[in-house]
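Peer 1: Whatever this is, show me its structure:
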Amino acid sequence: MKKDFDYLYSIRKYILAVTGLFIISIIFGFLESAANPTASEGFLDEFQKLADRIRVIEPPLLQTTVLFLIIFLNNAIKSLAVIVLGTGFCILPLFFVAYNGQALGMVADFFSREKGVLFVLAALLPHGIIEIPVILVSAGIGVRLGYLTYLSLRGGGAKFDQGLLHVVRFYQEKFKKDIMPELKQGVGFYKRRLLPLLFLTALVESNVTPLIVNLLYK
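Peer 2: All right, here's what the predicted structure looks like:
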């Protein structure tokens, strides 16, 4: 456990960086939706279509199971992809954080106008208090990997006059030596710590969050 906490501490600045981007994106999405309400309504159409497909499933217990699986697999696959593909110079994790932050801001503005701030909190906090930090940690790991990839390749050293095959082999060796150990550590942390939390998040979002919303807003 101490090893995992040490690893988490070592990537703290990357987590803080993506958290800052996430907050800025939320604000941007909120302001964008407030200025153009139809933008958020169009964005919510996809969620409504998915909800309609799930709603026709019988019995209701199966609806909950399907919803749980969709949420868990969606978050698990995307979080892992953000880590692994972060080696592509941070592009995917930064885009992922910015997009989700903007989406959250737009959704929060829409529902705060339609149903009030309390509804937004009831619909987001039960699972979001776990889900959002997990996603930000995943993105932080991806950004760290992307930055290390940049540092590894920036040094150069490949002799282009010896042909393309030499260059490819050179950078393959640098990737194996400099990036693979970090990638294995990040994926290992994901499997041990983040994946179980995503499982818990999916359980809460598919079972507890709807119950709280229904109790407050019949």
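Peer 1: Now do the buried residues in stretch 129-143.
Peer 2: The neighbour-count check on stretch 129-143 (16 or more other Cβ atoms under 10 Å) flags 130-132, 134-143 as buried. Any C-beta I mention is one placed from the backbone N, CA and C, and that applies to glycine too.
Peer 1: Tell me the one of these nearest Ser112?
Peer 2: For the buried residues of stretch 129-143, the minimum distance to Ser112 (Cβ to Cβ) is 17.6 Å, reached by Ile132.
Peer 1: nearest residue to that closest one other than its sequence neighbours?
Peer 2: Among residues not flanking Ile132 along the chain, Phe22 sits closest, at 7.8 Å (Cβ to Cβ, 6 or more residues apart in numbering).
Peer 1: burial count for Gly42?
Peer 2: Neighbourhood size, Gly42 [other Cβ atoms under 10 Å]: 11.
Peer 1: Centroid-nearest residue for this structure?
Peer 2: Ile135 (3.8 Å; Cα atoms, centre = their mean).
Peer 1: My understanding was that it contacts Leu80; is that so?
Peer 2: No: counting by Cβ atoms under 8 Å, Ile135 stays clear of Leu80, with 11.4 Å between them.
Peer 1: Quick check: Lys176 vs Arg193, distance?
Peer 2: 25 Å (Cβ to Cβ, to the nearest Å).
Peer 1: Against Phe68, how distant is Ile54?
Peer 2: Counting by Cβ to Cβ, the gap from Ile54 to Phe68 is 11 Å.
Peer 1: biggest helix in this structure, by residue count?
Peer 2: helix 117-154 (DSSP state H).
Peer 1: now for that one, which elements pack on it?
Peer 2: In terms of contacts (3 or more Cβ pairs under 8 Å, 6 or more residues apart in numbering; DSSP states H and E), helix 117-154 is packed against helix 12-35, helix 60-84, helix 91-114, helix 164-174, helix 180-189, helix 195-203, helix 209-216.
Peer 1: Show me what the fifth one is in contact with.
Peer 2: Going back to what we said before, that points to helix 180-189. 4, 7-8, 80, 83-84, 87, 141-142, 144-145, 148 (Cβ atoms under 8 Å, 6 or more residues apart in numbering).
Peer 1: Where among the helices and strands packed on helix 117-154 is average confidence lowest?
Peer 2: Mean pLDDT is lowest for helix 164-174 out of these, coming in at a mean of 65.
Peer 1: Please name the residues that touch the residue nearest to Leu85 when sequence neighbours are not counted.
Peer 2: Sequence neighbours aside, Leu92 is the residue nearest to Leu85 in space, at 4.4 Å (criterion: Cβ to Cβ, 6+ apart). For Leu92, the contact set (Cβ under 8 Å, 6+ apart) comprises 81-82, 85-86, 142.
Peer 1: what mean pLDDT does the longest helix of the chain have?
Peer 2: Mean pLDDT, helix 117-154: 92.
Peer 1: and the gap between the closest residue to Thr201 other than its chain neighbours and Val137?
Peer 2: Among residues not flanking Thr201 along the chain, Glu131 sits closest, at 4.3 Å (Cβ to Cβ, 6+ apart). According to Cβ to Cβ, Glu131 stands 11 Å off from Val137.
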